[in-house]
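Student: missing the sequence, but the structure's below:
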């Protein structure tokens, strides 16, 4: 549906915000669209809606206030996204330092990680080796 507004009487952005907001206009549209499987807006519904229509100057002030607040919301959203990205980078940095052993003082008497891993592998091999040889002997009989 196409709609033409008298730009001397109704600010077009004000008119759009009337429908986007949670006020009486949106409630009227929902009420008038009841009974339908989906919301739609036609000329009859549009004609029956009661619009709050302040003076054109007030409409402009309202639009400026809405857009000012939306701008603040956009800035907050950008700040939140930026801070989340910084938090993730910090998390990665902390994890890297933790794996490098740089977060706490290291005990020089501790076994190096490479040797510990080798020892664990050797212990696992020892546990597997006797079972493997027993299985081979049984299969060979």
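Tutor: Cool, the structure landed. What you see is a predicted model, and the numbers here were worked out from it, not measured in a lab.
Student: longest single helix anywhere in this structure?
Tutor: Ranked by residue count, the top helix of the chain under DSSP state H comes out as helix 56-99.
Student: show me what the stretch of helix or strand residue 46 belongs to packs onto, helices and strands only.
Tutor: Assessed by DSSP states H and E, residue 46 sits inside helix 43-48. Helices and strands touching helix 43-48, by 3 or more Cβ pairs under 8 Å, 6 or more residues apart in numbering; DSSP states H and E, are helix 24-33. Using the backbone N, CA and C atoms, a C-beta is placed for each residue, glycine as well.
Student: elements contacting the helix it packs on?
Tutor: Using 3+ Cβ pairs under 8 Å, 6+ apart, helix 24-33 sits against helix 12-20, helix 43-48.
Student: against residue 73, how distant is the closest residue to residue 97 other than its chain neighbours?
Tutor: Leaving aside its sequence neighbours, residue 97 sits nearest to residue 103 (Cβ to Cβ, 6 or more residues apart in numbering; 5.3 Å). Counting by Cβ to Cβ, to the nearest Å, the separation of residue 103 from residue 73 is 38 Å.
Student: much appreciated, bye for now.
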